[in-house]
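Asks: Any chance you could fold what I've pasted below:
(chains A and B)
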2 protein chains.
Amino acid sequence: MNGLLTDLYQLTMAAGYFEAGKSKEVATFELSVRRLPRNRNFVLACGLPQVVEYLLGLSFSDEEVEYVRGLPQFARVSPRFFEMLRDLRFTGDLFAVPEGTPVFAGEPILTLRAPVIEAQIPETYLLAAVAFQSLIATKAARMTHAAGGRPVIEFGTRRAHTAEAGVLGARAAFIGGCAGTSNTLAGFRFSVPVMGTSGHSWVMAFASETEAFRQLQRLLGENAVQLVDTYDTLDGTRKAAALGEPLWGIRLDSGDIATLSRDARAMLDGAGMRSAKIMVSGDLDEHKIHALVAQGSPVDAFGVGTELSTSGDAPSLGAIYKLVELDVGGIRRYTAKLGTDKGTLPGSKQIFRLPDHDVLARGGECCSGAGEALLQPVILGGHLIEPLPAVHRARKRAAEGLAKLPAGLRSLETVAPWAVRHSAELTQLIETARRNLQ
Amino acid sequence: MNGLLTDLYQLTMAAGYFEAGKSKEVATFELSVRRLPRNRNFVLACGLPQVVEYLLGLSFSDEEVEYVRGLPQFARVSPRFFEMLRDLRFTGDLFAVPEGTPVFAGEPILTLRAPVIEAQIPETYLLAAVAFQSLIATKAARMTHAAGGRPVIEFGTRRAHTAEAGVLGARAAFIGGCAGTSNTLAGFRFSVPVMGTSGHSWVMAFASETEAFRQLQRLLGENAVQLVDTYDTLDGTRKAAALGEPLWGIRLDSGDIATLSRDARAMLDGAGMRSAKIMVSGDLDEHKIHALVAQGSPVDAFGVGTELSTSGDAPSLGAIYKLVELDVGGIRRYTAKLGTDKGTLPGSKQIFRLPDHDVLARGGECCSGAGEALLQPVILGGHLIEPLPAVHRARKRAAEGLAKLPAGLRSLETVAPWAVRHSAELTQLIETARRNLQ
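Replies: Sure, this is the predicted structure:
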């Protein structure tokens, strides 16, 4: 029932493979990041459960098959193709880098091996699922790094590209290091911790700001976060302070945060509320967070939306899904796209992570003692081999994986890339394949 | 069952309104664009059917209510709130600018009037739905303008922020002026014309490029678009030309498009294939499209992905949803947020479009002969008053609305903004409200 969630050309190619008698040929595709996005030294792999859910559910309803059959592009296609489509299920293998793993340019995040039609159709969905969540997890990692241990909370569903992107973005942001999200469905579906404050409408809905603050305190007690900038930030802070405890603290959402946070802190301290905290929000990115931290602003938590939930400075990831091998009746052909700017490497691969570089090797290569092999089997013969780790496991893996990288790669600056070397066997295969293709 | 698709604070505020005895107060919220995105002279309003579907379906399952009840933020909330939540439906009114209408900074796209809890919870979803589709429709309008009548086809699902964003982005891109999409589900669900070519994997899957081209021609006949850049663009073009008709044409996806399109055109013409067309793709934006058109490149169609489907140069829209009125037992309070950078205007409004400016007036104002009133009733008392127009009607409205704007506003350059004046009554209300709030 998700079969139409793809580009039309995947379905015309599927029909073409069928008509050309290639249905039984087994294709291996790799999904990789061609180059790192602007301002990034790494990408955190994310989105695997959505890939698995898609593949295990891959199918077409009768109505969907009839829609395809009625398109002009399918006028010449034989009826047997549509019968095949109606019964289509994913019967192949999926290998993947575990969620939360930092990856680099040219490295495969997923390897899919299946009869060519089953491997071709998922391209569109897989690229969208992995690229989006990986972008958000990566952005979250940068923001939490900038915050230097202070919690960063994801508030960006309203800016996400559809509410569904808000849910999956919240998931990815948590894996990347955020402390939680405002997205309630992400809490329900993925056990991401949910957090929140109150909005300007709350303050406006009461006859006075003080009344709004008092009601919030009654409701939330020590969880109450007073939003103080509806009318005048410092006047609002004064009113919140006048009400005393219990209170988590206040939120500043506009104006000059560096100055206002200092003044608000002094005001809270003056009222004897040293334990009341200050959260700030409003068009924050990792650089603004870093600047506030660097100048010692008394900020206890950051609420981030737009820049995180759209990966604002780099809203797309140059991920590609390319055919690397084709098994035609037991004979293996290695395939590659040539060209200087958009070339690809033949043959299925494995990534070995060593302390100061990665080795990209051939899939079957034995590299005992050569570091951690990152691509692991996930689906074999159409069956999930074991449940995937929960989000908190992926989040832990991300934190540990990032901690092992040189400090420069974790910084906000763009530095010399992590080395990804080719094994001798892979180098040989590349040379052979290029000679054969030219 | 979509009730959790919101920020947690909407639900805590809902509980707070309930506990404070405000459930019966009727709130009016306006969703508007605070300021136009970078590089934009207008925004095309888009996403209304998704808003309607959300509001008409607004509800919580038992399991969802239990999830909320279990959160620490709800520890003090009385059991009656959760009973209310279980029965919650949207019973209010929605007014909206029809899809495809160009709108400007400060203008409301939606007005929602409902008991305050029903009006508060939808904020997050409505902002995400309207902002995202409006961004994509606007970007598509810029690209189709740049293409000067040549078709622009949306190919970007793989770069969209989730596959669902790909479907809704395809819908929005069509409304904005694209000729069609590669997204098959957008064709099935919204009757957007679906189009496609073939991918590099198709070429690689055959033993030779010529064999791949021949098979595609057999399959698609006059719809076949040969992708010629897998190994060498001009060599690929030569092989496609050698096969002759039937053929739609070729696609160039990499390299120096200006030069390659000219050489490929000469090659096709030399083979007597003057009717074979050239489509180009590969990281195109409106400026690259404009440059190709301006220099007379022989390009017949543009395939665009990343930049369109993420609105790459402006991936977020500063849309806001603000309380403007509150009816408390028959007494109306006008509400506004103060502040220079993020202030809002009190009272529900109407937009009147005149030939050379808009007038923002109070909702009830009678302005006969004062231009088209843009905000129209869509849902009254929780019921849809008539089916919404189909996508092709919204697309037509967009084309007509843009054609009526001064040429400068439609251009790719940022020009002096369209004038949005306040009516005398609105001006008076703003002054009164600000005085009362300060």
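Asks: Could you pick out the residues of the stretch 301-438 of chain A near chain B for me?
Replies: Proximity of the stretch 301-438 of chain A to chain B (C-beta under 8 Å from any C-beta of the partner chain) is limited to residues A:306, A:310-312, A:315-317, A:319, A:321-323, A:326, A:333, A:335-339, A:341-342, A:437-438. Bear in mind the C-beta positions are built from the backbone N, C-alpha and C, glycine included.
Asks: Just the buried ones from the residues you listed, in PyMOL syntax?
Replies: Applying 16 or more other C-beta atoms under 10 Å in any protein chain shown to those, the buried members can be selected in PyMOL as follows:
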select buried, chain A and resi 306+310+311+312+315+316+317+319+321+322+323+326+333+335+336+337+339+342+437
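Asks: The residues of the stretch 301-438 of chain A next to chain B in helices, which ones?
Replies: A:306, A:437 (DSSP state H).
Asks: so of the residues of the stretch 301-438 of chain A next to chain B, which ones are in strands?
Replies: Mapping these onto strands (DSSP state E) picks out A:319, A:321-323, A:326, A:333.
Asks: A:Ala129 is in contact with B:Thr162, isn't it?
Replies: Yes. Between A:Ala129 and B:Thr162 there is a contact under C-beta atoms under 8 Å: 6.9 Å.
Asks: Which parts of the stretch 151-300 of chain A are helices?
Replies: A:163-176, A:184-190, A:200-205, A:209-220, A:233-243, A:257-270, A:286-294 (DSSP state H, counting those that start in this stretch).
Asks: Could you list the alpha-carbon positions for the third one in CSV?
Replies: When you say that, I think you mean helix A:200-205. Extracted in CSV, the C-alpha atoms of helix A:200-205 (Å, rounded to 0.1, in the frame of the first residue of the first chain):
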residue,chain,number,x,y,z
HIS,A,200,1.9,34.1,23.9
SER,A,201,-1.7,33.2,23.4
TRP,A,202,-1.8,31.9,27.0
VAL,A,203,-0.6,35.2,28.3
MET,A,204,-3.0,37.1,26.1
ALA,A,205,-6.0,34.9,27.0
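Asks: tell me the mean pLDDT for it?
Replies: Mean per-residue pLDDT for helix A:200-205: 95.
Asks: Equivalent analysis for the fifth one, please.
Replies: Averaging pLDDT along helix A:233-243 yields 97.
Asks: how big is the angle separating it from helix A:257-270?
Replies: Helix A:233-243 runs at 20 degrees relative to helix A:257-270, counting by axes from the mean of the first three to the mean of the last three C-alpha atoms, to 10 degrees.
Asks: Please enumerate residues in contact with helix A:233-243?
Replies: For helix A:233-243, the surrounding residues in contact (C-beta atoms under 8 Å, 6 or more residues apart in numbering or on different chains) are A:209-210, A:213-214, A:217, A:226-230, A:247, A:250, A:252, A:254-255, A:260, A:263-264, A:267-268, A:270-271, A:273, A:276.
Asks: at 6 Å instead, please
Replies: The set of residues external to helix A:233-243 that reach it, using C-beta atoms under 6 Å, 6 or more residues apart in numbering or on different chains, is A:209-210, A:213, A:226, A:228, A:250, A:255, A:260, A:263-264, A:267-268, A:271, A:273.
Asks: Show the buried residues in those.
Replies: For the contacts of helix A:233-243, buried by 16+ other C-beta under 10 Å: A:209, A:213, A:226, A:228, A:250, A:255, A:260, A:264, A:267-268, A:271, A:273.
Asks: Looking at those, spot the one nearest B:Pro355.
Replies: Closest approach to B:Pro355 among the buried ones among the contacts of helix A:233-243 (C-beta to C-beta): A:Gly255, at 39.1 Å.
Asks: how about the nearest residue to the closest one, chain neighbours excluded?
Replies: In this structure, A:Gly255 finds its nearest non-sequential neighbour in A:Thr233, 5.6 Å apart by C-beta to C-beta, 6 or more residues apart in numbering or on different chains.
Asks: cool, and A:Ala128?
Replies: Using C-beta to C-beta, 6+ apart, the nearest residue to A:Ala128 is B:Ala163, at 4.6 Å.
Asks: separation between the one you found and B:Glu154?
Replies: The gap separating B:Ala163 from B:Glu154 is 14 Å, by C-beta to C-beta, to the nearest Å.
Asks: could I get stretch A:172-180 in CSV with only the CA atoms?
Replies: Coordinates of each C-alpha in stretch A:172-180 appear next as CSV, following Å, rounded to 0.1, in the frame of the first residue of the first chain:
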residue,chain,number,x,y,z
ALA,A,172,16.3,12.5,14.8
ALA,A,173,17.0,15.6,16.9
PHE,A,174,16.9,13.4,20.0
ILE,A,175,19.3,10.9,18.5
GLY,A,176,21.6,13.8,17.6
GLY,A,177,21.7,15.0,21.2
CYS,A,178,18.7,17.1,22.0
ALA,A,179,17.3,16.6,25.5
GLY,A,180,13.7,16.3,24.2
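Asks: tell me which residues in it are buried?
Replies: A:172-180.
Asks: One more: stretch A:188-200?
Replies: A:188-190, A:192, A:194-200.
Asks: Tell me the one of the residues you listed nearest chain B?
Replies: Taking C-beta to the nearest C-beta as the measure, chain B lies nearest A:Gly196 of the buried residues of stretch A:188-200, at 3.5 Å.
Asks: list the contacts for the closest one?
Replies: Residues near A:Gly196 by C-beta under 6 Å, 6+ apart: A:182, B:8-9, B:12.
Asks: I'd like the contacts of helix A:233-243 laid out as JSON lines, including pLDDT.
Replies: Output for these, formatted as JSON lines (pLDDT from 0 to 100):
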{"residue": "A:Glu209", "pLDDT": "96"}
{"residue": "A:Thr210", "pLDDT": "97"}
{"residue": "A:Phe213", "pLDDT": "98"}
{"residue": "A:Gln226", "pLDDT": "97"}
{"residue": "A:Val228", "pLDDT": "97"}
{"residue": "A:Ile250", "pLDDT": "98"}
{"residue": "A:Gly255", "pLDDT": "93"}
{"residue": "A:Leu260", "pLDDT": "97"}
{"residue": "A:Asp263", "pLDDT": "98"}
{"residue": "A:Ala264", "pLDDT": "98"}
{"residue": "A:Met267", "pLDDT": "97"}
{"residue": "A:Leu268", "pLDDT": "97"}
{"residue": "A:Ala271", "pLDDT": "96"}
{"residue": "A:Met273", "pLDDT": "96"}
